[in-house]
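Visitor: dropping the sequence and predicted coords here.
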Amino acid sequence: MKSSVQYHNHAGTSWPKPNAVLQAAERATMASPAEWGSLFEDAHQGVARAFGVAPERMLITPSCTQALAVAIADLPWVEGDRVLSSQMEHHALVRPLAKLQGVETLHLPRGQAGPIDLNQVEEQLKAGGVRLMAMSMASNVTGELLPWKELVELSHAHGATCLLDGAQVAGWHPLDLLELGVDLFAFAGHKGPQGPSGAGGLYVRDGLVMDTPGARCGLDSCDDGPSYCDTGSVNLPALCGLAAGLAWMAREQPLEGALAALLLLREGLMQIDGVQVLGTVPGVPTCSLVLQGMTAGEAAAKLRSTGFVASGGIQCAPMAHEALGTDPDGTLRLSVGPTQGVPEAAALLSAVQGLAG
C-alpha cells in the first residue's frame with residue numbers, strides 16, 4: 001500500500017528502504033546460526049568494496065556517532081595537541097572532541113563564500129601543533145559540501161591526521177577512500193546508504209598509529225587500532241541491509257536526479273516572500289530555510305499535518321545554526337530521497353508556499 005506521507009527527512013534517516021535492503025535484513029534475521037559467519041563476511045566485504053578498501057581496514061560500528069567517538073579516543077594524544085574542525089559540525093563530532101583532556105579544539109568560523117575558508121585552514125596548520133583535522137564532508141543543515149579533497153591534502157602537507165565525517169555523503173557520492181588518501185573516515189548506514197539503523201562504519205588507513213593503552217586486553221586485534229572490543233557486537237541484519245543498500249545506490253546512481261529536484265525546490269523557495277533559504281548551493285539533496293513569523297518546529301508541525309514530514313529544529317548542530325544566524329529556533333530542513341524527483345519537489349514547494357501564506 002502506498003503511503004499517504006511524503007517524506008522529506010532523508011538527511012536524518014532514509015525512508016522507505018529499498019526492497020533489496022528489507023530482504024537482506026530479513027534473511028539475516030531469519031538465518032540459522034550456521035550461516036551467520038558467511039553472512040557477516042559477505043556483507044562486510046560488500047561494505048568495504050563500496051568504499052574501495054580492504055575489509056580489515058573497515059570496522060563495522062553501531063553508528064557514525066560511535067565511529068567518530070572511537071576514532072577520536074584512540075589517537076595517540078599528547079597534551080598541547082591541537083584539533084582543527086569547522087563551525088558546521090554535528091554534535092557527533094563536536095562532543096568527543098570536547099571531551100579530550102589537554103587538547104585545544106578550534107572550530108573555524110564559516111567562510112564568506114561557504115562552510116569553510118581554506119585559507120584559514122592553511123593558516124592554522126602553518127601555526128603548528130595540529131594533530132588532527134576533523135570535519136564533515138557536507139553540512140547536515142544546508143547540504144553544502146566541504147572541499148574534502150583539499151582538506152585531506154592540506155592536512156597531510158602539514159603533518160596532521162585527517163578524519164572525515166561522511167554521514168551526509170556516503171551512499172550519495174562515490175568514494176574511493178584509498179584514492180582520496182584520507183586517514184580516518186566515519187559514516188552512517190541509515191542515511192544515504194539506505195541501510196537500516198544500527199550499522200555504520202569506521203575506516204582506518206593502514207599504518208596509521210592508533211593507541212588505546214588503557215583498553216588493551218591481550219588480543220592481537222586490539223593492539224593497533226579500534227576493534228569490536230571498542231564497538232561491541234555487530235548488528236548482523238543491519239549490516240546485511242547496509243551492504244544491500246550501498247549496492248543498490250551504486251546501481252541506481254540517483255544523486256543527479258535527486259539533486260536536480262532539490263535545486264528546483266530551492267530555487268522556488270527563494271522566490272517566496274517571507275522565506276529565507278540558507279547557505280550556498282548544496283552538493284547533497286538537502287536544504288534549509290526559515291519562514292518569517294514561524295519557528296522551525298511550528299513549520300515542521302504544520303507541514304506534518306498536511307502529510308509532509310521534514311525536520312524542524314537545530315538538527316544536532318547548534319554551532320552551525322549560530323554561524324547561520326538561526327540559533328536557537330533552527331531551520332526547516334528539507335531533503336529529497338533517491339526515488340523522489342521533480343513531482344515530489346513541486347508538491348513540497350506548494351506545501352511550503354501554503355505555510356508562507
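Guide: Structure's in. What do you need? Just so you know, these numbers come straight off a predicted model, no measurement behind them.
Visitor: domain-wise, how is the protein divided?
Guide: As given by automatic domain parsing, the domain ranges for the chain are 6-15+254-356, 19-250.
Visitor: with mean pLDDT added, can I get these in JSON lines?
Guide: Listed next are these as JSON lines, based on pLDDT from 0 to 100:
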{"stretch": "domain 6-15+254-356", "mean pLDDT": "97"}
{"stretch": "domain 19-250", "mean pLDDT": "95"}
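Visitor: possible to save those as JSON lines with mean neighbour count?
Guide: For the C-beta atoms, the positions are set from N, CA and C on the backbone; glycine is no exception. As requested, these are exported to JSON lines (neighbours: other CB atoms under 10 Å):
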{"stretch": "domain 6-15+254-356", "mean neighbour count": "19"}
{"stretch": "domain 19-250", "mean neighbour count": "20"}
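Visitor: show me where the stretch 101-250 of the chain has helices.
Guide: Using DSSP state H, counting those that start in this stretch, the helices found in the stretch 101-250 of the chain span residues 118-127, 148-157, 177-180, 228-231, 236-252.
Visitor: among the ones you listed, which is nearest residue 289?
Guide: Closest of the helices of the stretch 101-250 of the chain to residue 289 is helix 148-157, at 25.3 Å (criterion: CB to CB).
Visitor: could you pull out the strands for the stretch 1-150 of the chain?
Guide: Remark: strands assigned in the stretch 1-150 of the chain by DSSP state E, counting those that start in this stretch are 6-7, 58-61, 82-86, 104-108, 130-136.
Visitor: err, the stretch 201-350 of the chain, not the other one
Guide: Going by DSSP E, counting those that start in this stretch, the stretch 201-350 of the chain shows strands at 275-277, 286-291, 308-309, 311-313, 331-335.
Visitor: I'd like the ones you listed as a markdown table, with distance to residue 199 appended.
Guide: Formatted as a markdown table, the entries for those read as follows, by distance: least, CB to CB, whole Å:
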| stretch | distance to residue 199 |
| --- | --- |
| strand 275-277 | 33 |
| strand 286-291 | 22 |
| strand 308-309 | 23 |
| strand 311-313 | 22 |
| strand 331-335 | 21 |
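Visitor: of these, which is nearest residue 209?
Guide: When these are compared (using CB to CB), the closest one is strand 286-291, at 35.2 Å.
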